[in-house]
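In: Sequence first, then the predicted structure, then my questions.
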Amino acid sequence: MNLTDLARVHDDDLDGDPAGQASGAGARTLLASIMSEPPGQSGRPRAKRLRVPVPWLASAVGLAAAATLVVTLVVTPDGQIPNPSQTTASPEIQPSARQILLAAATAAMKAPSSGAYWRTVTITGMDATSPDRGYIIRRRFSKEQWLARRQGGQSWWITQNLGAKPLTGEDEAAWRKAGSPTQWKYPLDMTGLVGVNSSEVVRAAAEEKVAQRLRGKWKGSAGSLTAELVTWDELRRIPSDERELRAYLERRITSQAKSHGYENDPKDLELALQGNCMEIVFSLPVSPAVRAAAYRLLATLPQMTALGRVKDPLGRTGEALGYRVNGREGEGVYQIVQVIDPETGLPLSQSSTSTIELADGRTAKVENFTAYRQMGWTDEEPSLPTKRD
């Protein structure tokens, strides 16, 4: 199959496949077909070096102030891009990023497009050192987001702190040696540590679920795009053609840049386009056609890199995609990594890893991740816990 024609594959090419399931035979056949083209023929230009102001970096990965999405940044001062640690070895030729994204675009067209709520269920993990820098602990959180489609309907966030515990056997041994604490108090001088805030108390025990009504600017919102909340009416006006989608996003990005006093650097624009497309794919309740267009637009961007098949934090297998950003001088190289299932067009996870040095000189790997357990339309009602805001 010619890759240039893949974006125009119609729904009947996957006729009979169960929407949203990874077992669709047509989707597997489609992916196998595009993988048969040698990756070297994809014609992707080499990645450019980007020097990105920090606010643009935040905008590119969709850091709305009220959102709890984890930023997936890998900082590697030596410029080397680490591969995901759980890449599964395969004798087959790995597909290119373009091939993966076009397959995902075709599969995304089969997703359901109606329901009372747009429901997203995530598990987030954040690693941090203990306050004495003796070992690593992992904190985990769950979040359900129920966005009501009906005007005037009530939207909800249901969150739960799932607790914290030592990450590895070696960390557990160090934790026991430290007296097996059940909470960790962080002093002011540890603000820069991964996963913790200044003066924060981290507890080992899980907490109750809490339901929070979406209020203020979030009330009636359908999510955020270019780090700005969008209404359902605005969402319906997002173009479903990749060329029109690019023009639409460029206008939003340029307008935002002007409002914040930034210069319209073309390199920054490319980075922002990538981040905005990921916002559409990973978080917005857009139509299947718009999600597919975002995938197709991503397939045209030169910085996207295929990192191979990996296991996500929930043990599911998908294709890892990344792109890197060269920050300002001294900031190192940032790599943003996402895992998708090209057979369904659904995102699986976002994750990042980096290394830190502990007090005893041991080097430890720390990870931040957000895994998407559910995403899509539903007519179910949220099961609200007793504890509410």
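Out: Cool, the structure landed. Numbering: from 1, shown residues only.
In: Mean confidence (pLDDT) on whichever strand or helix holds Ala257, please.
Out: According to DSSP states H and E, Ala257 maps onto helix 242-259. Mean pLDDT, computed over helix 242-259, is 90.
In: in the following helix or strand past it, what counts as buried?
Out: Where DSSP H and E defines the elements, the next helix or strand beyond helix 242-259 is helix 266-282. Under the neighbour-count criterion of 16 or more other CB atoms under 10 Å, helix 266-282 has 268-282 buried. Where C-beta positions appear, they are placed from N, C-alpha and C, glycine not excepted.
In: Contacts only, for Pro347.
Out: Val281, Phe282, Gln338, Val339, Ile340, Asp341, Tyr372, Met375 (CB atoms under 8 Å, 6 or more residues apart in numbering).
In: Out of those residues, list just those in helices.
Out: Val281, Phe282 (DSSP state H).
In: okay, the contacts of Pro347 in TSV with pLDDT next?
Out: Converted to TSV, the contacts of Pro347 look like this (pLDDT from 0 to 100):
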residue	pLDDT
Val281	93
Phe282	90
Gln338	90
Val339	95
Ile340	95
Asp341	95
Tyr372	96
Met375	95
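In: Which ones among the contacts of Pro347 map onto strands?
Out: With DSSP state E as the criterion, strands contain Gln338, Val339, Ile340, Asp341, Tyr372, Met375 from among the contacts of Pro347.
In: From the residues you listed, list the buried ones, please.
Out: Gln338, Val339, Ile340, Asp341, Tyr372, Met375.
In: Please name the bridge partners of the residue nearest to the fourth one when sequence neighbours are not counted.
Out: Here the nearest residue to Asp341 in space, its sequence neighbours aside, is Gly318; by CB to CB, 6 or more residues apart in numbering that works out to 4.8 Å. With DSSP bridges applied, the residues forming beta bridges to Gly318 are Val310.
In: so what pLDDT did Gly318 get?
Out: pLDDT, Gly318: 95.
In: I'd like the distance between it and Ile340.
Out: Separation of Gly318 from Ile340 (CB to CB, to the nearest Å): 6 Å.
In: overlap in contacts of these two?
Out: With contacts taken as CB under 8 Å, 6+ apart, Gly318 and Ile340 have Leu348 as neighbours in common.
In: quick one on the thing from earlier: quick one: the ones in strands among the contacts of Pro347 as a markdown table, columns for distance to Lys365 too.
Out: Formatted as a markdown table, these follow (distance: CB to CB, whole Å):
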| residue | distance to Lys365 |
| --- | --- |
| Gln338 | 19 |
| Val339 | 18 |
| Ile340 | 23 |
| Asp341 | 25 |
| Tyr372 | 23 |
| Met375 | 28 |
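In: now the helices for the stretch 151-300 of the chain?
Out: 169-177, 232-236, 242-259, 266-282, 288-300 (DSSP state H, counting those that start in this stretch).
In: Contacts only, for the residue nearest to Asp341.
Out: Applying CB under 8 Å, 6+ apart, we find Gly318 in contact with Arg309, Val310, Asp312, Val339, Ile340, Asp341, Pro342, Leu348, Ser349.
In: in terms of contact, does Ala204 touch Ala164 like I think?
Out: Yes. Between Ala204 and Ala164 there is a contact at 5.4 Å, judged by CB atoms under 8 Å.
In: Who has more neighbours out of those two?
Out: It is Ala164, of Ala204 and Ala164, that has more neighbours when counted by other CB atoms under 10 Å, with 23 against 16.
In: what about the strands in the chain?
Out: 74-76, 117-129, 136-148, 156-166, 183-185, 201-203, 210-213, 221-225, 228-231, 305-311, 317-326, 333-341, 346-357, 363-378.
In: Return the member of the ones you listed having the minimum mean pLDDT.
Out: Among those, strand 74-76 scores lowest, at a mean of 36.
In: doesn't Glu207 make contact with Asn161?
Out: Yes. Using CB under 8 Å, Asn161 is in contact with Glu207, at 4.2 Å.
In: who's more crowded, these two?
Out: The neighbour count for Asn161 versus Glu207, taken as other CB under 10 Å, is higher for Asn161 (17 against 13).
In: residues in contact with the more buried one?
Out: Taking CB under 8 Å, 6+ apart, one finds Arg139, Phe141, Arg203, Ala206, Glu207 in contact with Asn161.
In: switch to 7 Å and redo it
Out: By CB atoms under 7 Å, 6 or more residues apart in numbering, the contact list for Asn161 reads Phe141, Ala206, Glu207.
In: Same question for Ala306.
Out: Gln94, Pro95, Ser96, Ala97, Ile100, Glu319, Leu321.
In: From Glu170, how far off is Thr363?
Out: Where Glu170 is concerned, Thr363 sits at a distance of 12 Å (CB to CB).
In: now the residue nearest the centre of the chain, which residues is it bridged with?
Out: With distances taken as CA atoms, centre = their mean, the residue of the chain nearest its centroid is Gln350 (4.0 Å). Beta-bridge pairing of Gln350 under DSSP bridges involves Gln338, Thr370.
In: ok, it touching Asn368?
Out: No. In this structure, Gln350 is not within contact of Asn368 by CB atoms under 7 Å, at 8.4 Å.
In: tally of neighbours for Arg215?
Out: Counted with other CB under 10 Å, Arg215 comes out at 10.
In: again but with Arg251, I slipped
Out: Arg251, neighbours per other CB under 10 Å, totals 11.
In: Kindly report the same for Gly179.
Out: 7.
In: now swap in Ser113 and tell me
Out: 14.
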